[in-house]
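> model this:
(chains A and B)
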Amino acid sequence: MSRRRSELPAFAALLPALLLILGPFLWLLMSSLKSEAEIGQANPFALPKAPMWQNYADAWQIGGFGDLLVNSLFNLAGVVLLTLITCAPAGYVFAKLKFPGREWVFYLVIIGLTIPVQAIVIPLYQVLFNLGLINSLAGITLAQVSNGIPFGIFLMRSFFAGVPDELVEAARIDGASHTQILGRVMLPLATPALQALVIISALSTWNDFFLPLVILISPEVQTLPLGLVRFASTYSTDFRLVFSGTVITFLPVIILYILTQRRFTEGLTQGALKG
Amino acid sequence: MATRLTTAARRGIARPKVAHRARRAGREALTSAIPLLLPALAIYALFSLLPIFLTFWLSFTDSRGLNTSASFVGLSNYGRAAADPIVWQSLVHTFQWLLGHLLMAGGLGLILALAVSRLRLTRVVFRTAFFLPHLVSLAVVGVIWANIYDPFYGLLNTALDRLGLGALSQGWLSDPLLVLFSVNVASSWQGFGLYMLLFIAGLQNIDHSLYEAAEIDGANGWQQLWYVTLPGLAEVMTFVVSLAMINGLKGFATVFVMTNGGPFYQSELITTYIYRLAFSMQDHGLAAVLCVLLSTLAIGITVVFNHWRGRLAR
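The predicted model follows:
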């Protein structure tokens, strides 16, 4: 009874909060459909007289958003795939195999969990430079994968640690190798953890700015956030282009999120709490 | 005496066998572990571990960029860092930034989680909508909020004008006293959503019967919040606080995009100063000192909070 009574005040209090927090989005969407003259009137509450869809076409073409999108997608696919391939087996090893030096190796991995990427960027740049991987999507992908490996291993390890040892032992007695156990027994069980890892690594890659800023120098190889920042500073006085370009950058993720919000939320929360 | 001897003797016979078997099992495990670990460790060693050690080394050299010879200069970079007023400024700003992020993003996350958890019918709608800002890249957030703060066409000043509050309009990013706070608001707008989700998950784990018991005891809403909800959130709370502090420490993109540390270094953070020193001034030695400082702070925060969480768990 008392629970039902409490729904209305919370709802009434949250409505203005929602309007304030989503205000920037509404303003951007509205402004992105205005003409330059309408934006010049500086009235944020006025609706666009006739929606200028042309703004989007212009921004898309001038900003080269098609190429940026493709680069971002390649980058994302590479990081997610490599993260899964590297972290799932390593997490299994740290959870289920006892070998000499295990603690020592694990501590080395844990160090990377705490150190911010900005703190190692100078030698990282040098390593990538020596390998010819500056200004390349392969280079940025490897650096991001490496940056995410400690978290990925930690997440997979804590999931596999929860799987009973008997399952591994039974499969061992049946003569299965650890690679077979991982592929046939563990990975099918690990769907929630793998899902969490995919969501977390995908979101952080898609939104990464620091490493692309340092590593991706020419516009042809840049990803969406970096490309948008370059675009926005080049056309900073052309508000309609900046606004529509910005909407182009975040709209795909928001649509994808709304479509998958249940799984997305679950994966993100469980992943963060476990890792 | 005799029994003790026999046990010892028995152990003496048995032990080498057990130890031998354990060692063989360990070696076997190692041979299966290596191929499974190798992909992760190879990438990690090359692109994370090696740079960690090289950063430390760089802080003792006079390196001024790629392909230049660098020689060992002892602690001279550390001395230069201590004598550089911008280093101290950026350190103070980083602490202010971190604290502001914790209070604004963490606090908003907590309040909204408490409110959203009271909803039933519209809960998912609100939770989803409040999370939307977190999906936007911080760099893009920088572009958005630089426009919101635009003194003539921005959302903030024009809205204040239309609402008859024109007196409150400001140069949000040009006022040296206001700039760090203004940028932090943008970052916190992006950051609170994740903390809110974590708090909501924490609230779901609180035993419902505790509320019923509190109600029977005559506790009002505030008392329930204080004596049931907040203690029940303690574990998630320490996690969110440490996460928010680490995220605050890593803050870079919004500052870089919106102010690039200005005006007059008034929004310079350790991270933005590292970027400036390393990639436009080519002063790798001094930049590396700041990198070591940044890592030390991150490790310090993590250690303190793990200790705190360990004590809570007990």
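> what is the strand or helix carrying residue B:191 packed up against?
Residue B:191 is located in helix B:179-204, with elements delineated by DSSP states H and E. When contacts are defined as 3 or more Cβ pairs under 8 Å, 6 or more residues apart in numbering or on different chains; DSSP states H and E, helix B:179-204 packs onto helix A:261-274, helix B:85-101, helix B:107-116, helix B:123-131, helix B:138-148, helix B:234-250, helix B:253-258. Bear in mind the C-beta positions are built from the backbone N, C-alpha and C, glycine included.
> and the angle from the helix or strand just after the shortest one to helix B:85-101?
If you walk from helix B:253-258 toward the C-terminus, the next helix or strand you reach (DSSP H and E) is helix B:270-279. Relative orientation of helix B:270-279 with respect to helix B:85-101: 140 degrees, computed using axes from the mean of the first three to the mean of the last three Cα atoms, to 10 degrees.
> do you know the pLDDT at residue A:275?
If you check residue A:275, the pLDDT there is 62.
> ok, residue A:110 next?
pLDDT, residue A:110: 89.
> what about the closest residue to it other than its chain neighbours, helix or strand, and which?
With Cβ to Cβ, 6 or more residues apart in numbering or on different chains as the criterion, residue A:110 has its nearest non-adjacent residue at 6.6 Å, and that residue is residue A:150. Per DSSP H and E, residue A:150 falls inside helix A:137-161.
> could you check how far residue A:20 is from residue A:66?
34 Å (Cβ to Cβ, to the nearest Å).
> so where is the stretch 1-150 of chain B shaky, pLDDT-wise?
The stretch 1-150 of chain B contains residues with pLDDT under 70 at B:1-18, B:67-68.
> kindly recompute the last result at 80.
B:1-23, B:65-69 (pLDDT under 80).
> check contacts around residue B:223.
Residue B:223 is in contact with residue B:214, counting by Cβ atoms under 8 Å, 6 or more residues apart in numbering or on different chains.
> possible to save the helices and strands packed on helix B:179-204 as CSV with distance to residue B:310?
Listed next are these as CSV, based on distance: least, Cβ to Cβ, whole Å:
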stretch, distance to residue B:310
helix A:261-274, 16
helix B:85-101, 23
helix B:107-116, 23
helix B:123-131, 30
helix B:138-148, 32
helix B:234-250, 10
helix B:253-258, 33
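> dump those into JSON lines; add distance to residue B:79 and mean neighbour count as well.
Conversion of the helices and strands packed on helix B:179-204 to JSON lines gives the following (distance: least, Cβ to Cβ, whole Å; neighbours: other Cβ atoms under 10 Å in any protein chain shown):
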{"stretch": "helix A:261-274", "distance to residue B:79": "40", "mean neighbour count": "18"}
{"stretch": "helix B:85-101", "distance to residue B:79": "11", "mean neighbour count": "18"}
{"stretch": "helix B:107-116", "distance to residue B:79": "39", "mean neighbour count": "20"}
{"stretch": "helix B:123-131", "distance to residue B:79": "47", "mean neighbour count": "18"}
{"stretch": "helix B:138-148", "distance to residue B:79": "34", "mean neighbour count": "26"}
{"stretch": "helix B:234-250", "distance to residue B:79": "24", "mean neighbour count": "20"}
{"stretch": "helix B:253-258", "distance to residue B:79": "27", "mean neighbour count": "27"}
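> tell me which of the ones you listed lies nearest to residue A:109.
Ranking the helices and strands packed on helix B:179-204 by proximity to residue A:109 (Cβ to Cβ) places helix A:261-274 first, at 15.7 Å.
> against residue B:180, how distant is residue A:31?
With Cβ to Cβ as the criterion, residue A:31 and residue B:180 are 26 Å apart.
> and what of residue A:233?
21 Å.
> alright, that wraps it up for me.
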